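1. Please work out how this folds:
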Amino acid sequence: GVALAAAGGYGRGGLLPRSDIDLLLIHDGRDLDVVAPLADALLYPLWDAGFEVGHAVRTVEECERACERLDVGASMLDLRHLAGDERLSGDAGRRVERWARSDVPAFVAAIRDDAVRRAERFGSTAHLLEPDLKEGSGGWRDVHSVHLIERSVGARLEDAGLLRGREREALTAAEEFLARVRSALHLESGRRAERLVVDHQPAIARAMGFEDEPRLVAIDGLMRALFEHARQVEFLLAAVIRRSLEPGTPAVEPPA
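-> Residues are numbered from 1 along each chain as shown. From the prediction side, this is the model:
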């Protein structure tokens with residue numbers, strides 16, 4: 001009657017050195033007196049060991065209702081069973097996928113609106129001297145947004161006519177670069193830092209293998225590469241959203 005599942009970056013196997021661990025305890029609602037002590041027994045040792053743990057305790061129905069918030073639903077799209085009653089985590093995962101695929105244009109529009117809000121709050125990773133690598137426009141969250149649209153469509157974006165082969169290569173290269181920069185920043189700062197402040201840039205440039213050249217110092221090489229990748233991500237997310245919302249796109253037409 002209880003299952004433990006991984007969600008978010010932990011669910012999709014994409015943890016970085018200081019990433020938090022997203023856990024979801026799913027129960028059938030029949031014995032609440034058992035669930036609370038079980039949650040404590042799971043979480044307190046992790047906290048005591050120094051892990052950053054994001055957690056939630058829900059029934060399958062509550063998982064479905066929680067999808068009213070895009071960030072919560074998106075995190076559960078990466079649900080991965082860890083232990084316990086696999087039927088519960090499987091049912092929760094199917095319901096979340098059904099939510100994402102039930103109205104693809106609405107899902108894509110929500111992704112678009114979220115990207116706009118983040119851009120207004122955090123600025124552009126491609127233009128700031130101290131960019132936010134995760135939440136800034138063109139950063140990690142935008143890369144993940146493209147993957148979320150792919151999950152919603154239920155097919156490779158290339159097969160759906162929403163992404164071209166060279167664009168996928170550019171997206172993959174940007175994702176790999178951002179993962180390396182964020183990992184280096186986590187290790188350099190010793191915490192879950194996401195803003196690449198000026199003080200950390202020399203060490204990050206060295207860790208990434210950039211060296212001073214006659215007309216380009218290492219820091220400038222790092223930031224130039226970061227800006228180029230971030231501009232690609234901004235363009236690709238906007239292109240996928242635009243193509244998805246064009247009238248008559250077969251892959252994203254809502255069901256009759």
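2. shaky segments in the stretch 101-250 of the chain?
-> The stretch 101-250 of the chain contains residues with pLDDT under 70 at 250.
3. Apply 90 and report the result again.
-> Within the stretch 101-250 of the chain, the stretches with pLDDT under 90 are 212-216, 247-250.
4. where exactly do the helices run in it?
-> Secondary structure of the stretch 101-250 of the chain (DSSP state H, counting those that start in this stretch): helices located at 104-122, 140-153, 165-189, 201-207, 218-245.
5. any idea how far Glu228 is from the residue nearest to Ala203 when sequence neighbours are not counted?
-> Nearest residue to Ala203, sequence neighbours excluded (C-beta to C-beta, 6 or more residues apart in numbering): Glu188, at 4.9 Å. Every residue, glycine included, has its C-beta placed from N, CA and C. For Glu188, the distance to Glu228 (C-beta to C-beta, to the nearest Å) stands at 22 Å.
6. between these two, who's got more neighbours?
-> With neighbours defined as other C-beta atoms under 10 Å, Glu188 and Glu228 compare such that Glu188 has more, 19 against 15.
7. what sits against that one?
-> The contact partners of Glu188, by C-beta atoms under 8 Å, 6 or more residues apart in numbering, come to His200, Ala203, Ile204, Ala207.
8. surely the last one meets Ala184?
-> It stands for Ala207. Yes. Between Ala207 and Ala184 there is a contact at 4.2 Å, judged by C-beta atoms under 8 Å.
9. ok, these two, which is more surrounded?
-> Ala184 (21 against 17).
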